[in-house]
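In: after the sequence you'll find the predicted model.
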Amino acid sequence: MCARCGEFGSHRFAIAERAPQRLRGLVWEGTYAEAAAGAIHPLIEEMKIAAAAEDDPWSRMIIGISWNDRPDGFRYFVGIEAAEYMAPAAGHRLLSLPAMRFACVWHGPDDGDVVKHYGRMIDWIETEGQERDVSILHHREEYPADFDLAGPPVLRVMLPLTPAGNLTSGA
């Protein structure tokens, strides 16, 4: 049984809501090849250290936000939840996100290529009559604070959807 979603066997696609959230973290910008070579790993490691210092275990989730707005790559924010009163640490930035709906699935160590998992989720979104909404961000990823960058990827992959009731087609 999966400790994160309570399901036996393969993980299931679902729709999840996220409340407005204020994050503090680091920004990286580069090519897909640089990202595949591990360019984002130092940012995740730094945020793992920041998350370990938090008292609230729920604020220890490491969150990645990507914007595919470059012809040769993307921008990526890696952060943790920040209290309203908290100023960012040196070199960190704040990011405020509104309430959002996402298609999501836990990607486990035996689930293969993350990009292919995103592709299957895109197919599921279309089958379910949902629509993606990339007006705020393109992808959200949630990593457990104990995520091992040397091992297979373990994360929740998330694609933003149009708000409920705002579908322009489908059911």
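Out: Thanks, I have the structure now.
In: now the lengthiest helix in the chain: how far from the chain's centre is it?
Out: As assigned by DSSP state H, the longest helix anywhere in the chain is helix 114-127. The chain centre lies 15 Å from the centre of helix 114-127; the measure is CA atoms, centre = their mean, to the nearest Å.
In: check which helix or strand residue 68 maps to.
Out: strand 62-70 (DSSP states H and E).
In: now the helices for the protein?
Out: 32-36, 41-52, 114-127.
In: looking at those helices, which is buried most?
Out: Comparing these by mean neighbour count (mean count of other CB atoms under 10 Å), helix 41-52 ranks first with a mean of 17. Heads up, the C-betas are built off the backbone N, CA and C, glycines and all.
In: where does pLDDT dip in this structure?
Out: 1-11, 55-59, 165-171 (pLDDT under 70).
In: can you give me the strands in it?
Out: Here the chain has its strands, by DSSP state E, at 14-18, 21-31, 62-70, 73-81, 93-97, 100-107, 139-143, 155-161.
In: CSV please, covering those and showing distance to residue 44.
Out: Formatted as CSV, those follow (distance: least, CB to CB, whole Å):
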stretch, distance to residue 44
strand 14-18, 20
strand 21-31, 9
strand 62-70, 6
strand 73-81, 6
strand 93-97, 15
strand 100-107, 15
strand 139-143, 7
strand 155-161, 10
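In: dump these to CSV, plus distance to residue 130 and mean neighbour count.
Out: Below are the strands of the chain laid out as CSV (distance: least, CB to CB, whole Å; neighbours: other CB atoms under 10 Å):
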stretch, distance to residue 130, mean neighbour count
strand 14-18, 7, 14
strand 21-31, 21, 18
strand 62-70, 19, 18
strand 73-81, 23, 21
strand 93-97, 19, 14
strand 100-107, 7, 21
strand 139-143, 15, 20
strand 155-161, 5, 22
